[in-house]
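[1] A structural model of the following input is requested.
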Amino acid sequence: MHQLARRLSGALAIWTVVAASGSAALAADVPTTPPFIEALPMPPSWSFRFVPYGWLIGMDGTQTVRGRSVKVDASFIDIVEKSDTLVALMGTVEARRGPFALYGDVVWTKIGVEGGNVRSRSPAPGVTGTFGTSLALDIEMAIVEIGAAYEVARSGALAFDILGGARYWYQEADVSFDIAGAVDIGDLQLAGARAFARSGSVDWLDPVIGARMRYAVAPGHELFLRGDIGGFGVGSDFSWQAVGGYGFEFATYQGITFAGVVGYRALSVDYAQGEGRRRYEFDMLQHGPILGISARF
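    Numbering: from 1, shown residues only. The predicted structure follows:
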């Protein structure tokens, strides 16, 4: 009996040692903490920005309607003081996801320029007669830009984009003048002692390429500079644009960040079609300050 008890005690001791060794080995196989799993980066989401703005346009160049040309040299102040027609609707929108962005810009304006800021020039070949001393230009114009931009470089607060797209132009222009001397009025409209050369609808489409630089001066404050060229004989002979400005955030409401935008925009185009009495030409630099409010969400 005592011998059986001793055998059972020995077996129990051996089993205890084996069990303890097995538990230690199992504990060594199972990590005490879960392995680190690196989270995959979330793809960037789309952000949107809408900027209604005003462009205080001045004009410097030549307008030709039905072969009759006038030289225009008028600042925005001149246009405001001497024009009874000044209507405008302007805005830009941009959708961005990471380095890629889509943009659009619309300018619609109706401007009248009169007095000493409009001067007669020589008519086109095949058109005879002279203008009177009193001249006026009324022009309705729409400019629509669409395109895409891609951020190709970034260094700290400085980012550099390239862009490409198209710029569509639509115009209707009227040149009016007092009848003086011998004037060929066969293709003009008369109203009293005043003659009108009316263009009707004129439109064209220019391809555009350019670049843009953005610099974050401070959180919520950004300087921007954009330049582009276009036309290349596809629509106009040539066009160029330069825009520079400063944006500053001033409020956030329900997830929408509002910012003020101030800057300067210059847009030049040289477009012509037809000859003689059918000649239409718009060789003009439009330039002036821009003021707007940006909403980003």
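[2] where does the stretch 51-200 of the chain dip in pLDDT?
    82-87, 122, 126, 128-134, 179-194 (pLDDT under 70).
[3] now do the contacts for residue 285.
    59-61, 266-268 (C-beta atoms under 8 Å, 6 or more residues apart in numbering). Backbone N, C-alpha and C define where each C-beta goes, glycine included.
[4] next, format those as CSV and append secondary structure and distance to residue 294.
    As requested, the contacts of residue 285 are exported to CSV (DSSP: H, G, I helix; E, B strand; the rest coil; distance: C-beta to C-beta, whole Å):
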residue, secondary structure, distance to residue 294
59, strand, 27
60, strand, 29
61, strand, 30
266, strand, 21
267, strand, 20
268, strand, 26
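[5] ok, of those, which one's closest to residue 145?
    residue 267 (9.9 Å; C-beta to C-beta).
[6] what lines up beside the helix or strand residue 283 falls within in the sheet?
    Using DSSP states H and E, residue 283 falls within strand 280-296. Using DSSP bridges, strand 280-296 pairs in its sheet with strand 47-55 (antiparallel), strand 58-65 (antiparallel), strand 256-273 (antiparallel).
[7] mean neighbour count and distance to residue 144 added to those strands, as CSV?
    Below are these laid out as CSV (neighbours: other C-beta atoms under 10 Å; distance: least, C-beta to C-beta, whole Å):
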stretch, mean neighbour count, distance to residue 144
strand 47-55, 17, 14
strand 58-65, 21, 19
strand 256-273, 17, 13
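[8] can I get the ones you listed in a markdown table with distance to residue 88?
    Shown next, in a markdown table, are those (distance: least, C-beta to C-beta, whole Å):
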| stretch | distance to residue 88 |
| --- | --- |
| strand 47-55 | 7 |
| strand 58-65 | 13 |
| strand 256-273 | 13 |
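[9] one step back: and the strand holding residue 283, how far from the chain's centre?
    Centre-to-centre, strand 280-296 and its host chain are 10 Å apart (C-alpha atoms, centre = their mean, to the nearest Å).
[10] so for that strand, what gets flagged as buried?
    280-284, 286-288, 290, 292, 294, 296 (16 or more other C-beta atoms under 10 Å).
[11] pretty sure residue 198 sits against residue 68.
    No. Counting by C-beta atoms under 8 Å, residue 198 sits too far from residue 68 to count as a contact (10.7 Å).
[12] which one of those two has more residues nearby?
    Taking neighbours as other C-beta atoms under 10 Å, residue 198 and residue 68 compare with residue 68 leading, 28 against 15.
[13] isn't that one right up against residue 175?
    Yes. Residue 68 is in contact with residue 175 according to C-beta under 8 Å; the separation is 5.6 Å.
[14] please enumerate the shared neighbours of those two.
    residue 197.
[15] which residues does residue 48 contact?
    Applying C-beta under 8 Å, 6+ apart to residue 48 gives the contacts 93-96, 296-297.
[16] run the chain-centre distance for stretch 196-211.
    Distance, stretch centre to chain centre, for stretch 196-211: 17 Å (C-alpha atoms, centre = their mean).
[17] ok, now how distant is residue 65 from residue 79?
    Here residue 65 is placed at a distance of 18 Å from residue 79 (C-beta to C-beta, to the nearest Å).
[18] buried ones in stretch 201-212?
    Result for stretch 201-212 [16+ other C-beta under 10 Å]: buried residues 202, 204, 206-208, 210, 212.
[19] which residues sit against that stretch?
    145, 147, 149, 160-173, 224-232, 234-236, 239, 241, 269, 271, 273, 280, 282.
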